[in-house]
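Trainee: Just a sequence and a predicted model for now, questions to come.
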Amino acid sequence: MVKQATFSKTFLSEITGILETEKEKLEKELGQFSHKNPHVEGDYETNMPEYGTEPDENAREVADYTANKSLEITLEKTLRDVNKSLERLEKGTYGVCKYCDEQIDEKRLLARPTSGSCVSCKKTLTDEL
């Protein structure tokens, strides 16, 4: 059974605002160089730029596509984390460590609103004892 956190409505409202703002920012940034994959929800496809038919233009297209592809992957992962956090807020499970089921400190969540683990568990996982 998943434990529920006991945060104030004010805190949860603040976190929701932060996450919604981040979601909008990420979607806007992804929209600048990619489009939503119609076959996979939450997935984007990088647009191949078209600068012309000359060899140097083709090389620039490939270089820009490659750079945008790695940026797409990073932004998609961040957007997935934001969406998962928003889902946990809706379910009432936001702010509960996925490893020890204890409430995550508010300061940690304000610093990293998508965090799914408490500081203690994160340190254990990354061998920072």
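Mentor: Arrived safely, thanks for sending. Numbering: from 1, shown residues only.

Trainee: Quick check: buried residues in stretch 120-129?
Mentor: Across stretch 120-129, burial judged by 16 or more other C-beta atoms under 10 Å covers 121, 122. Where C-beta positions appear, they are placed from N, C-alpha and C, glycine not excepted.

Trainee: Give me the contact list for it.
Mentor: Applying C-beta atoms under 8 Å, 6 or more residues apart in numbering, the contact partners of stretch 120-129 are 97, 99, 100, 115, 117.

Trainee: Just the helices from the protein, written as ranges.
Mentor: With DSSP state H as the criterion, the chain has helices at 9-31, 55-91, 106-111, 119-125.

Trainee: Show me how far the first one is from its chain's centre.
Mentor: Helix 9-31 sits 10 Å away from the centroid of its parent chain (C-alpha atoms, centre = their mean, to the nearest Å).

Trainee: same thing with the second one?
Mentor: Mean-position distance between helix 55-91 and its chain equals 10 Å (C-alpha atoms, centre = their mean).

Trainee: now do the shortest one
Mentor: Relative to its chain's centre, helix 106-111 lies at 16 Å (C-alpha atoms, centre = their mean).

Trainee: which helices and strands sit right next to it?
Mentor: Here helix 106-111 touches helix 9-31, going by 3 or more C-beta pairs under 8 Å, 6 or more residues apart in numbering; DSSP states H and E.

Trainee: quick one on the thing from earlier: possible to save the helices of the chain as TSV with mean pLDDT?
Mentor: Putting these into TSV (pLDDT from 0 to 100) gives the following:
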stretch	mean pLDDT
helix 9-31	97
helix 55-91	95
helix 106-111	96
helix 119-125	90
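
Trainee: could these go into a markdown table alongside distance to residue 40?
Mentor: Shown next, in a markdown table, are the helices of the chain (distance: least, C-beta to C-beta, whole Å):
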| stretch | distance to residue 40 |
| --- | --- |
| helix 9-31 | 14 |
| helix 55-91 | 10 |
| helix 106-111 | 29 |
| helix 119-125 | 29 |
